[in-house]
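Chemist: coords please:
(one chain, ligands or ions: 2)
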Amino acid sequence: MNFSNTYLELGTHFYEKTRPSPVQKPKLILWNSKLAEQLNIPTEIGNNADVLAQYFSGNQLLPGSDPIAFAYAGHQFGSFNPQLGDGRAHLLGEVIDQSDQKWELQLKGSGPTSFSRGGDGRCAIGPAVREFIMSESMKALGVPTTQCLAVVTTGESVYREKAVPGAVVTRVASSHLRVGTFEYFAARRELDAIKTLFDYAIDKHFTEISKDQEDKYLLLLDKIIEKQIRLIVEWMRVGFIHGVMNTDNTAISGETIDFGPCAMMGVYDPKTVYSSIDHTGRYAFGNQPSIAQWNLACLAECMLLVIDENNTHSIKQVKSLITEFPNRYQQAYQKMIASKLGILSVQKGNEKFPDTFLEQLCLLKKDYTITFDLLTKSLNSDSLTSQLKTELGQTFDHWRKIVIEQSVPTEKIQTIMRRHNPVVIPRNHQIETVIRTCAETGEASSAKLFLDVLRQPYKELTQTSKYQSEPSDGDQHYKTFCGT
Ligand code: AMP
Ligand code: MG
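Modeler: Ligands and ions are numbered 1, 2, ... in the order given. Predicted coordinates:
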């Protein structure tokens, strides 16, 4: 395994060199062998759980690794915090995978750093297992996401509301650069540092942009916006609520990052909020697109600091890229939602149908995933057709008329719908049961069974039905908490 760490070349201003703090009794409870293979982790390491536990708890450093904690700031619930940084994470370095792609490996829960701000630098088993399951599920659903390689329990307790088992989770991401990383230097008016970071981002993640181009930052912003749009559209497709879309949790690579208070929407309602600290619904399901725009505006402000003030064209363009976000997002979103409904090309007069359909779901308090799954299946099932007719009334008739009038073979429509409509998602009540079992038993067999199903979310396996049921209370009282 060959480690590099290109962040080191940026200079010590951007990070702190720091080592993970050893833990008492590391035990590997989750290992992502497919990802390990992709990352070329040698089998003599990969097949030995004890060795893996040592490496992925931070007790031993992988050869060549030179860990750092990154500096960043962030707007948290709209308020700026100039100093956050990796308070409980160690970036081990970068590895090249089988397709020559570079990935960053980071331990989380691996001990305090100079950015810990009084925190213990640790992570509880629950949030670690949640991150593993959720990211693996998102990956299988086709949503851009960071992934998890391992969860290792530490044999030590961490104190949250009570003592709970501690764990270290290994995150794999194409980038850990966040909007907040740029804001850290913008707040300090360190313009050279901001330029260094933007150039680094181009070099590492957007190689299609030439560093000599005059409008390179503009092109960069455009690409970052495109990735955010894809990300949010995908969240909206599967009903994912991130829960804490602060700028420090917004990766410029457009990968889902930080699964603290995230949840899946059950009953369709854009106002759905599960996070216990989101009192105003800032990060509600339906607000996610406008918050993404807000976060991108923060990035654009950092960018404006480093664009030559005589370059009025670029300055104007940066601003219009942000103001054009809603239109650009809407186009991508409407395409996605039409595909969920099996509408292959929107005909005149039907433009508003997807919105009307969703309004009905909200009014009738219907489950988002189940309704779209049944809709997909109804195309070749008489019994489901009559069931949905009863449940959705005229809205269903309207939908069938639109779909049938397309004169496209039903199988083709069904294939497209299935590609957009999972049969199973990581439901909140299921994930809570699994996490509780892992915390009580200190092992993860229940998580592995759940993962077997979640890794094939568009297929109906024999055991899939166990995980499809709606929560008995429609998640009315469900609350999530930040994984601190
Ligand atoms: P998060 O809510 O995980 O996005 O974290 C927000 C900020 O708090 C980041 O700077 C984290 O590094 C820091 N943080 C969260 N939990 C801890 C902890 N247990 N110890 C130290 N820092 C933490
Ligand atoms: Mg975070």
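Chemist: chain neighbours aside, what residue packs nearest to Lys227?
Modeler: The spatial neighbour of Lys227 that comes closest, neighbours along the chain excluded (CB to CB, 6 or more residues apart in numbering), is Gly254 at 2.7 Å. Any C-beta I mention is one placed from the backbone N, CA and C, and that applies to glycine too.
Chemist: so Ala332 makes contact with Val233?
Modeler: Yes. The pair Ala332 and Val233 qualifies as a contact (CB atoms under 8 Å) at a distance of 4.8 Å.
Chemist: who's more crowded, the two?
Modeler: Neighbours per residue (other CB atoms under 10 Å) separate Ala332 from Val233, with Val233 holding more: 22 against 17.
Chemist: residue contacts, that one?
Modeler: Under the criterion of CB atoms under 8 Å, 6 or more residues apart in numbering, the contact partners of Val233 comprise 329, 332-333, 336.
Chemist: contact residues of the stretch 201-350 of the chain facing ligand 1?
Modeler: Residues of the stretch 201-350 of the chain found near ligand 1 (CB under 6 Å from any ligand atom) are 249, 258, 260.
Chemist: do that again at 5 Å, thanks
Modeler: Contact residues of the stretch 201-350 of the chain with respect to ligand 1, defined by CB under 5 Å from any ligand atom, are listed as Asp258.
Chemist: quick one, helices of the stretch 201-350 of the chain?
Modeler: Counting by DSSP state H, counting those that start in this stretch, the segments of the stretch 201-350 of the chain that form helices are 216-238, 288-306, 312-323, 325-340.
Chemist: mind putting the ones you listed in a markdown table, distance to ligand 2 and mean pLDDT included?
Modeler: As requested, those are exported to a markdown table (distance: least, CB to the ion, whole Å; pLDDT from 0 to 100):
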| stretch | distance to ligand 2 | mean pLDDT |
| --- | --- | --- |
| helix 216-238 | 16 | 98 |
| helix 288-306 | 13 | 97 |
| helix 312-323 | 23 | 94 |
| helix 325-340 | 23 | 98 |
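Chemist: could the ones you listed be laid out in CSV, adding distance to Thr369?
Modeler: Listed next are those as CSV, based on distance: least, CB to CB, whole Å:
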stretch, distance to Thr369
helix 216-238, 8
helix 288-306, 17
helix 312-323, 32
helix 325-340, 11
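Chemist: pLDDT weak spots in the stretch 351-484 of the chain?
Modeler: Low-confidence regions of the stretch 351-484 of the chain, defined by pLDDT under 70, span residues 483-484.
Chemist: name the SS class of Asp66, please.
Modeler: State at Asp66, reduced to three classes by DSSP: H, G, I helix; E, B strand; the rest coil: coil.
Chemist: distance from the chain centre to stretch 162-172, please.
Modeler: Here the centre of stretch 162-172 is set off from its chain's centre by 19 Å, with CA atoms, centre = their mean, to the nearest Å.
Chemist: for stretch 370-384, same thing?
Modeler: On the basis of CA atoms, centre = their mean, stretch 370-384 is displaced by 29 Å from the centre of the chain it belongs to.
Chemist: same deal with stretch 226-237?
Modeler: Its chain's C-alpha centre and that of stretch 226-237 lie 10 Å apart, by CA atoms, centre = their mean.
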